[in-house]
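Asker: the sequence isn't on hand, but the structure is:
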């Protein structure tokens, strides 16, 4: 039975669910579209509203997702904050549309489906099994309650039902599959000559007059960017000193409050079952399950019978083994029967929506609470106490910082004194680039805001990450300045030499291209011009050892006539120039392809068509819906801008 549900949740569905728990950002649950007060509405999507606080939560979660995915390679300066905000808002609009659509269309997810989805998420497992302790712990780390997350998961499941229905209906006919195979597996005979600009550099003289002329013609290219240094106060939750260990009575209170959820192992039962599906004749199925029950009563081995007679494909190969089961994991009737059994006992036939079951209890693990005196429990309690104390102190300090920064806008010293934190100073940074803490785009954006840069006031508290805020004010500012000629002369000279070298390389390449077009062979031409000749022969579109620009040009060329060539020049990313020659085209042979390869090609085409159909479906849904962007998220330019 569990396997049947797991199979329904396999493939893209499971990965969809795993994605929203490991790094959640898009699905916020229906309850997050409620609320009001001072939280402005930034968008209306049919019946639902998206508020500023919801957008901020989504933005922060998406940013944390990128940080987690990229690890130490994450660079905030590569992110355009304005474009990032617009992308997040567009995602929220789209998800809201889909949620409303599936609800109106009657899609629903049962409690059993939600639980089975939870069981499939690795983040909630210990030793390959669902763990309620891991579940609660991971949700707490993400700032979720079980109720909120389960509603979010339910929403995701119903959206996925609709999407899988569309994706699953796509198909690829034989003729398009064969055509796509011929194109995908096509090979082209390639030869190319590379004219390296570095070889031409010594041939390019650059006079002082040319340098002077370039400097005067393009003075805007030689501006030093505006830059800023700031003073700042930084509050980070993980940098707060730990609280001293409290009295035992305090830890005892925490223990009693968390005992059931954190320190108690719930009762578990290792079960086997034998399933007989109803099929077309429910009475016949009942007769069959009773006959099997009779064999077990006469001493037949339960596991052997389940292996040969059960209709549950998931557990059948394991002799009906369902593993360890807790209350709330199975359907109500199944659970009632299982938890009424003694060890080694087999139930009477049990009817559920899946069919008739015989259930055997193999082993029982009774509920057990770890004692308060246990050393590991004491360590966990102390850690929990300190975490809660740090969070309380952080919240108090954050409120104090925000209030003092607002009440004393002309200085950060009162802010630092009120919070008991040091007043720090940054290095120089620009609007586009900074180091250390000021590699964060949001901090640079706050530093260059009108309130800080023009009015000279303290910034609002800027959230760097969860439990980490910064308030800053201008310390030193340098407007963009014209760099003197002597400072940039060397760079201008190098630039002019590189331009001249590229021009010479392009001229030689054009000469060779013309000769190839007149029917001359590439090799002697390349040798005479001292170009680097390469002849890979037949290559595919994804050839790893050929420059991507050369490959792109090669597969754009017209198919050469018999005995002729197709040819073109290509500017490479490093400034070199290449003459590319195609002498033959060899299509993929669909008729000769192995059956497995044909199946893969058909599957790829089907997946591509399915994706296109879902995108079109979603676009049509959006075109028929009313979406109003009432207010651009903070820092995002309006359409007029």
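Answerer: Noted; the coordinates are in hand. None of these values were measured; they are calculated from a predicted model.
Asker: low-confidence bits of this protein, can you list those?
Answerer: Scanning the chain for pLDDT under 70 picks out the ranges 1-38, 72, 75-78, 142-143, 633-641.
Asker: domain ranges for it?
Answerer: Structural domains assigned to the chain are 2-171+610-629, 186-221+488-586, 227-246+389-479, 267-366, following automatic domain parsing.
Asker: TSV for those, including distance to residue 180 and mean neighbour count?
Answerer: All C-beta spots, glycine's among them, are computed from the backbone N, C-alpha and C. Listed next are the domains of the chain as TSV, based on distance: least, Cβ to Cβ, whole Å; neighbours: other Cβ atoms under 10 Å:
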stretch	distance to residue 180	mean neighbour count
domain 2-171+610-629	13	16
domain 186-221+488-586	11	16
domain 227-246+389-479	42	17
domain 267-366	34	17
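Asker: which of those domains sits closest to residue 592?
Answerer: When the domains of the chain are ranked by proximity to residue 592, the top entry is domain 186-221+488-586, at 12.1 Å, counting by Cβ to Cβ.
Asker: pull the distance from the closest one to the chain's centre.
Answerer: Going by Cα atoms, centre = their mean, to the nearest Å, the spacing between the C-alpha centre of domain 186-221+488-586 and its chain's C-alpha centre is 38 Å.
Asker: repeat for stretch 277-286
Answerer: Taking mean C-alpha positions (Cα atoms, centre = their mean), stretch 277-286 and its chain are 46 Å apart.
Asker: rewinding a little: how about JSON lines for the domains of the chain, with distance to residue 597 added?
Answerer: Conversion of the domains of the chain to JSON lines gives the following (distance: least, Cβ to Cβ, whole Å):
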{"stretch": "domain 2-171+610-629", "distance to residue 597": "19"}
{"stretch": "domain 186-221+488-586", "distance to residue 597": "14"}
{"stretch": "domain 227-246+389-479", "distance to residue 597": "46"}
{"stretch": "domain 267-366", "distance to residue 597": "29"}
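Asker: between those domains, which one is nearest to residue 374?
Answerer: Ranking the domains of the chain by their distance to residue 374 (criterion: Cβ to Cβ) puts domain 2-171+610-629 first, at 15.0 Å.
Asker: most distant residue from the middle of this protein?
Answerer: For the chain, the C-alpha lying farthest from the average C-alpha position belongs to residue 298; by Cα atoms, centre = their mean, that distance is 56.1 Å.
Asker: state the phi and psi torsions of residue 126.
Answerer: Main-chain dihedrals, residue 126, degrees, to the nearest 10: phi -130, psi 130.
Asker: again but with residue 468, I slipped
Answerer: Main-chain torsions, residue 468, degrees, to the nearest 10: phi -150, psi 110.
Asker: I'd assumed residue 240 was in contact with it.
Answerer: No - distance between residue 468 and residue 240: 11.1 Å, which falls outside the contact criterion (Cβ atoms under 8 Å).
Asker: residue 286 versus the residue farthest from the centre of the chain, what's the distance?
Answerer: Relative to residue 286, residue 298 is positioned 19 Å away (criterion: Cβ to Cβ, to the nearest Å).
Asker: same deal with residue 397?
Answerer: When distance is defined by Cβ to Cβ, residue 397 is 68 Å away from residue 286.
Asker: show me where the stretch 201-350 of the chain has strands.
Answerer: With DSSP state E, counting those that start in this stretch as the definition, the stretch 201-350 of the chain shows strands at residue ranges 223-224, 227-236, 264-265, 268-276, 321-325, 350-352.
Asker: got it, and the stretch 401-550 of the chain?
Answerer: When assigned using DSSP E, counting those that start in this stretch, the strands of the stretch 401-550 of the chain occupy the ranges 424-425, 429-430, 462-465, 468-478, 481-482, 532-539.
Asker: so can I have CSV of these showing distance to residue 303?
Answerer: What follows is those, written out as CSV (distance: least, Cβ to Cβ, whole Å):
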stretch, distance to residue 303
strand 424-425, 67
strand 429-430, 68
strand 462-465, 52
strand 468-478, 55
strand 481-482, 83
strand 532-539, 57
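Asker: so which of those is nearest residue 134?
Answerer: Minimum separation from residue 134 across the strands of the stretch 401-550 of the chain (Cβ to Cβ) falls at strand 462-465, 23.6 Å.
Asker: what sits against the residue lying closest to residue 212 once chain neighbours are set aside?
Answerer: Leaving aside its sequence neighbours, residue 212 sits nearest to residue 485 (Cβ to Cβ, 6 or more residues apart in numbering; 6.9 Å). The contact partners of residue 485, taken as Cβ atoms under 8 Å, 6 or more residues apart in numbering, are 211, 212, 215.
Asker: which of the domains of the chain sits closest to residue 260?
Answerer: When those are ranked by distance to residue 260, counting by Cβ to Cβ, first place goes to domain 2-171+610-629 at 10.3 Å.
Asker: now the closest one, how far from the centre of its chain.
Answerer: A distance of 11 Å separates the C-alpha centroid of domain 2-171+610-629 from that of its chain, computed with Cα atoms, centre = their mean.
Asker: residue 363 reaches residue 270, doesn't it?
Answerer: Yes - in this structure, residue 363 is within contact of residue 270 by Cβ under 8 Å, at 4.3 Å.
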